[in-house]
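Q: model the structure of this input:
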Amino acid sequence: MFEEHVSDDSLDGLIHRADLDGLVRMVDDRCSAHDWAGVLRVRDRSRQAVETGRQLWPAATLAEYRLALHADPEFVAAVLDERDGLSGRFTIGPLTEVAAQRHSWGDLAEQLEPGPRASFVAHERVIRGEPIDEPDLADVLDIPTTLQAWEPTYAVATYEDGGAEFPLPDLPTDWVDLVPVSDAETLDDDVELALRQLVEPWVTASNGRAESVCVVGDIDAALGALGVRRARICELDPGEAIAWTAWAGASGGAHGRRRGAAAGRFGAWWLLTALGDLLDEWPIDPDQLGVLANEFRWFRWNAFEPEIGWSLQLAIADPSENVAWAITAQDSD
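A: Predicted coordinates for the structure are as follows:
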């Protein structure tokens, strides 16, 4: 697609000297000049230099990140090549999410190869409010590329040249004290596995932990079964709970790899399906899932500890079945 072997003496000199600072400045200068072909050469030749012992992968990572964030669609497609297993491995967020921040699906659709990465870009654009009807997308998530009426406005990342922000959704803080109850009957279900899948980077690549319990009774019994002896709760509407769950699923926690808003939305749907004991019916009917979300009562809780790091602490009650869940997932630096 591009002239990968064109003469570029200034770049070749920096590569030969393994001048990482110079390569970073070159990426800055070429981005300012919108020289996207030049930035792509920095990415490609810095990668190739690793094979000769020159550790220039930070320059390659910076170049492909800036291309995904700023470049013309054909260069975005180059760093999202389905055949490139290295692309985006070390960037601060998945390149599919980075690209979706400033590029519409209409701009990218004709340039991207059909496959999982294109599908993830489409889902990221849907979360950012772009209506998409693409029946030929690779079905990697088994959820619609249409936001449902019962879904919230999801928190999305903001990527900049020098970093990114991953804001927590707005959550209410009108706390009410609760005394947990012990000796509840516990039940087996699929929720803990779904929770662990939701926050897998927190647990496997960082310092986090995740645990859930299902009981006969209400949330006071569920919190007691989780080992909580003193708690406070704050009721959430279903949208707030789903947005918080999706935020957790998108996050990498303190040290794990961020998976992006599309993966977070999928994780929220999967956890909600597990709460409804409907995983055997996946892919789930969206309307059915929306009814389920509104049948539950949702609460955030804590045990009066400081709220630091990454946290998802939910208590959920299903009044129609007289069962409840307590969920905790936490990670810290």
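Q: for the residue positioned nearest the centre of the chain, which residues are in contact?
A: By C-alpha atoms, centre = their mean, the chain has its centre lying nearest to Ala250, at 1.9 Å. By C-beta atoms under 8 Å, 6 or more residues apart in numbering, the contact set of Ala250 is 155, 157, 166, 258-261, 263-265, 267. From N, CA and C alone the C-beta is placed, and that goes for glycine too.
Q: most neighbours out of those, which is it?
A: Ranked by neighbour count (other C-beta atoms under 10 Å), the contacts of Ala250 have Ala261 at the top, with 29 neighbours.
Q: ok, Glu51 to Ala60 distance?
A: 12 Å (C-beta to C-beta, to the nearest Å).
Q: neighbour-wise, which of those two wins?
A: Taking neighbours as other C-beta under 10 Å, Glu51 and Ala60 compare with Ala60 leading, 24 against 7.
Q: kindly list the main-chain dihedrals of that one?
A: phi -60, psi -40 (degrees, to the nearest 10).
Q: quick one: contacts for the closest residue in space to it that isn't next to it in sequence?
A: In this structure, Ala60 finds its nearest non-sequential neighbour in Ser46, 4.0 Å apart by C-beta to C-beta, 6 or more residues apart in numbering. Counting by C-beta under 8 Å, 6+ apart, Ser46 makes contact with 15, 23, 56-57, 59-60, 63.
Q: show me where this structure has helices.
A: 9-17, 20-32, 36-50, 57-70, 73-79, 95-102, 105-108, 116-127, 191-198, 200-204, 219-225, 238-250, 261-275, 286-295 (DSSP state H).
Q: any chance of those helices in a markdown table, plus distance to Asp177?
A: A markdown table is the format used below for these (distance: least, C-beta to C-beta, whole Å):
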| stretch | distance to Asp177 |
| --- | --- |
| helix 9-17 | 62 |
| helix 20-32 | 52 |
| helix 36-50 | 55 |
| helix 57-70 | 46 |
| helix 73-79 | 51 |
| helix 95-102 | 39 |
| helix 105-108 | 47 |
| helix 116-127 | 36 |
| helix 191-198 | 25 |
| helix 200-204 | 28 |
| helix 219-225 | 11 |
| helix 238-250 | 20 |
| helix 261-275 | 25 |
| helix 286-295 | 26 |
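Q: alright, that wraps it up for me.
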